[in-house]
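>>> Pasting the sequence and the predicted coordinates here, then a few questions.
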Amino acid sequence: MSKGLIAIVGAVAVVGFAFPSVFQRYQAELSAEAGREEIVSPPAAVVEAAAPSTAPLGRSARLTAEPDGHFRTSARFNGRAVPVLVDTGATYVSISEETARKLGLVLAPADFRYKAETANGQTEVALAKLDRVQIGTIEVRDVEVMVSRGKVLSTTLLGMSFLSKLKRFGVEGATLNLVQ
């Protein structure tokens, strides 16, 4: 009787060790049958992006949401203070033509050859590059910027051309965490 009990316990142990492996193989086969592509959604409001090769380790900034839920702060563009609104829906850091002049960006009328749809309507835009953008201890170099002609853009937007160069950024409660 004890030999039978030992055999049953041994068989249960073997099945217990083998089952996770069998289950994992089954999931892999299902994924392969579904076009060999598995889509995994990242946690809400967190983006992982490649860090610039010159990024110092451990630099971070924390922004607190204003009562309207938006994240505003003062950034430094090429060493000059500029109030910004963080906008993950903006492809580029977006500035007005007037702000571009204050930052020393020289643009010719022919540079405004693109059209962009903004919250305030359609406008002509030019693409340029900022040498550096800083928020607190975070500094990102060679940031693409979209310059809007006229007064269509009243607020400077800190868009994905800056944010995507960070190691990560994400919202926790009313705090936006930026990590380089």
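Thanks, I have the structure now. Residues are numbered from 1 along each chain as shown.
>>> Check which residues of the longest strand seen in the chain are buried.
Assignment by DSSP state E gives strand 121-135 as the longest strand of the chain. Neighbour-count burial for strand 121-135, counted by 16 or more other Cβ atoms under 10 Å, picks out 123-126, 128, 130, 133-135. For every residue, glycine as well, the C-beta is placed using N, CA and C.
>>> Within the sheet, what are the partner strands of the helix or strand just after it, with directions?
Note on strand 121-135: by DSSP states H and E, the next helix or strand toward the C-terminus is strand 138-148. Neighbouring strands of strand 138-148 in its sheet, by DSSP bridges, are strand 93-96 (parallel), strand 121-135 (antiparallel).
>>> Quick one: closest of those strands to S154.
Closest approach to S154 among the strands paired with strand 138-148 (Cβ to Cβ): strand 93-96, 7.5 Å.
>>> ok, now which ones touch S161?
By Cβ atoms under 8 Å, 6 or more residues apart in numbering, the contact list for S161 reads 91-93, 143-145.
>>> now do V125
By Cβ under 8 Å, 6+ apart, the residues touching V125 are 112, 114-116, 146-149.
>>> Quickly note the distance from it to E97.
Computed as Cβ to Cβ, to the nearest Å, the V125 to E97 distance reads 9 Å.
>>> any common contacting residues for the two?
Common contact partners of V125 and E97 (Cβ under 8 Å, 6+ apart): 147-149.
>>> from those residues, which is closest to E66?
Nearest to E66 among these, counting by Cβ to Cβ, is S148 at 23.1 Å.
>>> Quickly list what the closest one is bridged to.
Judged by DSSP bridges, the bridge partners of S148 are S96, V125.
>>> any chance you could map the helices in this protein?
Secondary structure of the chain by DSSP state H: the helices cover 2-33, 97-102, 160-163.
>>> pLDDT on the second one, on average?
Right, the one you point to is helix 97-102. If you average the pLDDT over helix 97-102, you get 96.
>>> hmm, back to that, if you rank the shared contacts of V125 and E97 by neighbours, which is first?
Neighbour tally across the shared contacts of V125 and E97 (other Cβ atoms under 10 Å): the maximum, 27 neighbours, falls on V147.
>>> domains in this protein, as residue ranges please.
Per automatic domain parsing, the structural domains of the chain span 1-40, 46-179.
>>> about what we covered before: figure out which of the strands paired with strand 138-148 is closest to L157.
Of all the strands paired with strand 138-148, strand 93-96 sits nearest to L157, with 4.2 Å by Cβ to Cβ.
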